[in-house]
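1. give the three-dimensional model of this entry:
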Amino acid sequence: MIQSITYLKGVTVEKHQLEVFLDQWFSPGKTLTIRTSGSTDTPKLIELSKEHMRISARATIDYFSIQKGGNALLCLSLTTIGGVMMVVRSIERNLNLIVAPVQSQPITDLNNQLEIDLAAMVPTQAHQLVEENPNALSSIRTLLVGGAPVTTQLIEKLNSIHYTAYQTFGMTETISHVAVRKIGAETDDYYEALPHIQFSKNDDQLVIHYPSISTNPIQTKEHIELIDEHHFNWLGRTDLVINSGGKKIFPEAIEEKLGRFISQPFIVAGIPDNYWGEMVVLLVATPNDLKLDKSQLTQVGLKGHELPKRVYYINKLIQLQSGKVDRRSTLNQLKRDEYTELL
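-> Below is the predicted model:
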């Protein structure tokens, strides 16, 4: 059971969501229906075993050595697997659950003297916290950041205040994250598996071995470099790969490099082209032209086929319900003849 529940100032709908979830959790049923994040497609509902959710919760709290009676911060919506699993972890380890409003700066009302043993945020929340209330991070012992890509800028800002967080890797189907990597003051290239989870690869795509949850290996669409059965480097999603001039290019890898000097929201994508097959282009959401040249791109390590050939300036990046960019819809709004040449 949760040891105690504290609601911070501004909590409204979150309290009702928690009450509904707890009723469902302690009902006789053995499963719960959860909405997927919809990373590259429309979110869908899937049924998860409560026992498997308990196993996943224990993997996280054991990995981070969260002790009974500790404090957990809930600032994610309970319509997401990230929010749901924070509650399940609190139930499994008898934690004190502190419920904050689901907003970009979720802990403005948090007493900095209160130690938080475990918190989970999406990157936009973590970024706002570092920008507006970095001192609050001193009260968070373990911060998990996931649900969307983590920018290089966030990692550098965490490093500048000498704070280490953990970027998570997982999906609703694996019941939250299965691996984490350090970012910030300590930054690792690789992800490390949580307890009782192992990795392999099939055609350079990640395969997750999680026998406590799935009797069959879980084949993903994540392109990885496998280090060993407990560690991997993530390169990108194979269903987003751009085939340009016969070369496979992962847009997420380019975005990570460009994020060092582009502060506006942007994505890298491929569009049909007679010469390249698919041309690598940059889509930037900004009311003003962003001045870029080839030298800037090469300075961050981009070369050859990776270099975007055009910049498209658009009103905004269209988002899925999960907050992730809907790349397909964003591409559909392009006016193909309105662009700036880069090369």
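2. check the burial of T12 by counting its neighbours.
-> 10 (other CB atoms under 10 Å). All C-beta spots, glycine's among them, are computed from the backbone N, C-alpha and C.
3. so who does it touch?
-> If you count contacts by CB atoms under 8 Å, 6 or more residues apart in numbering, T12 has them with P101.
4. and the helices in this protein?
-> 13-25, 50-63, 81-92, 123-132, 152-160, 251-258, 294-299, 327-332 (DSSP state H).
5. and the fifth one, what's its mean pLDDT?
-> It refers to helix 152-160. The average of the pLDDT scores along helix 152-160 is 91.
6. next one: the longest one
-> Summarised as a single mean, pLDDT over helix 50-63 is 97.
7. next: the first one.
-> Per-residue pLDDT over helix 13-25 has a mean of 94.
8. make 888 the first number, not 1, from now on.
-> With 888 as the first residue, the last one maps to helix 900-912.
9. quick one: list the elements packing against that helix.
-> Using 3 or more CB pairs under 8 Å, 6 or more residues apart in numbering; DSSP states H and E as the contact test, the elements touching helix 900-912 are strand 891-894, helix 968-979, strand 983-986.
10. sheet partners, orientation included, of the first one?
-> Strands adjacent to strand 891-894 in the sheet, as given by DSSP bridges, are strand 983-986 (parallel).
11. show residues contacting the strand it pairs with.
-> Here strand 983-986 has contacts from 889-895, 898, 901-902, 905, 956-962, 973-974, 977, 997, 1001, 1003, using CB under 8 Å, 6+ apart.
12. what subset of these is buried?
-> Buried members of these, scored by 16 or more other CB atoms under 10 Å, are 889-890, 892, 894-895, 898, 901, 905, 957-962, 973-974, 977, 997, 1003.
13. who's in contact with the nearest residue to V907 once chain neighbours are set aside?
-> Nearest residue to V907 in three dimensions, chain neighbours excluded: L965, at 7.9 Å (CB to CB, 6 or more residues apart in numbering). Contact partners of L965, counting by CB under 8 Å, 6+ apart, are 901, 904-905, 907-908, 971, 974.
14. P1010 against Q1040, yeah?
-> No. Applying CB atoms under 8 Å, one finds P1010 not in contact with Q1040, separated by 9.8 Å.
15. identify the residues contacting S891.
-> 983-984.
16. rerun that using 10 Å as the cut-off
-> Going by CB atoms under 10 Å, 6 or more residues apart in numbering, S891 touches 956, 958, 977, 981-985.
17. any idea how far G956 is from it?
-> As defined by CB to CB, to the nearest Å, S891 lies at a distance of 9 Å from G956.
18. overlap of the contact sets of these two?
-> Joint contacts of S891 and G956 (CB under 10 Å, 6+ apart) are 981-983.
19. name the member of these with the most neighbours.
-> Neighbour max across those (other CB under 10 Å) = L982, 26 neighbours.
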